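Colleague: have a look at this prediction, sequence included:
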Amino acid sequence: MALLPILTYPDPRLHTVAKPVQAVDARIRALITDMLETMYDADGIGLAATQVNVHERLVVIDTSQERNQPLVLINPEITWASEEKQVGDEGCLSVPGIYDGVERSTSIKVRALDGDGQSRELAAEGMLAVCIQHEMDHLMGKVFVEYLSPLKRNRIKTKMLKARRDTERV
Ligand code: GNR
Ligand code: NI
């Protein structure tokens, strides 16, 4: 088990488009273990492989209060999304300290392989639906700040680069 370093915006590697997982083998199972450990350690409700610089279609999620309901989605595809949308505040482990509103479908259906390589279809609403859409954006190389205005995005970019410089100076 190991904690994996999380890429932070505006790292260009966050814009890589992930490729499908070819086989749910020992390497992928080890990656799932490490990503879950990394997500729980960072107090996140989700983590996409893109964020740990692995460009394969894999995400881990746990939106439970108790932090004991890990969900693994491999090669996820949204099969249905409600026309009804809602704006909710989002944050991202790759953009620490920034929270802003993003419009998402309120409910979705997703087809994906689970950690055993079994195909499943899942219906999601509420926070889980938001989180799945946020994670699937990461797999497409998209970070939530790209939904914000160019003015806000540039302010966030500057703030992140300054924070990075400040840590490097320590
Ligand atoms: O921990 C996270 N919280 C969160 C809150 C609102 C909407 C989306 C998220 S996902 C985020 C973890 C993360 O960055 N996943 O990619
Ligand atoms: Ni994120």
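Modeller: Thanks, I have it. Ligands and ions are numbered 1, 2, ... in the order given.
Colleague: what comes up buried for the lengthiest strand in the chain?
Modeller: Ranked by residue count and defined by DSSP state E, the top strand of the chain is strand 71-81. Across strand 71-81, burial judged by 16 or more other C-beta atoms under 10 Å covers 71, 72, 73, 74, 75, 76, 78, 81. All C-beta atoms are positioned from the backbone trio N, CA, C, and that covers glycine.
Colleague: so what's the second one up against?
Modeller: Taking C-beta atoms under 8 Å, 6 or more residues apart in numbering as the definition of contact, the neighbours of residue 72 are 32, 58, 59, 60, 114, 115.
Colleague: what's the closest non-adjacent residue to the spatially most central residue of the chain?
Modeller: For the chain, the residue nearest the mean C-alpha position is residue 135 (3.1 Å; C-alpha atoms, centre = their mean). Counting by C-beta to C-beta, 6 or more residues apart in numbering, residue 59 is the residue found nearest to residue 135 once chain neighbours are left out, at 4.0 Å.
Colleague: so which bits of this protein are right by ligand 1?
Modeller: 44-48, 51, 90-94, 130-131, 134-135, 138 (C-beta under 6 Å from any ligand atom).
Colleague: residue 139 contacts residue 51, correct?
Modeller: No: contact criterion C-beta atoms under 8 Å: residue 139 and residue 51 do not qualify, at 10.0 Å.
Colleague: what helix or strand does residue 94 sit in?
Modeller: Using DSSP states H and E, residue 94 sits in no helix or strand.
Colleague: so which bits of the one helix or strand in the chain whose mean pLDDT sits lowest are buried?
Modeller: In the chain, no helix or strand scores lower on mean pLDDT, DSSP states H and E than helix 150-169, which sits at a mean of 94. Buried residues in helix 150-169, counted by 16+ other C-beta under 10 Å: 153, 156, 160.
Colleague: who does the host helix or strand of residue 103 pair up with?
Modeller: Here residue 103, judged by DSSP H and E, is contained in strand 100-105. Looking at strand 100-105 with DSSP bridges, its partner strands are strand 85-90 (antiparallel).
Colleague: alpha carbons of the strand it pairs with, as PDB, please.
Modeller: Output of strand 85-90 as PDB, limited to C-alpha atoms (Å, rounded to 0.1, in the frame of the first residue of the first chain):
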ATOM      1  CA  LYS A  85     -29.600  19.900 -13.800                       C
ATOM      2  CA  GLN A  86     -28.600  21.600 -10.700                       C
ATOM      3  CA  VAL A  87     -25.700  23.900  -9.700                       C
ATOM      4  CA  GLY A  88     -23.700  22.800  -6.700                       C
ATOM      5  CA  ASP A  89     -20.400  23.900  -5.100                       C
ATOM      6  CA  GLU A  90     -17.500  21.600  -6.100                       C
END
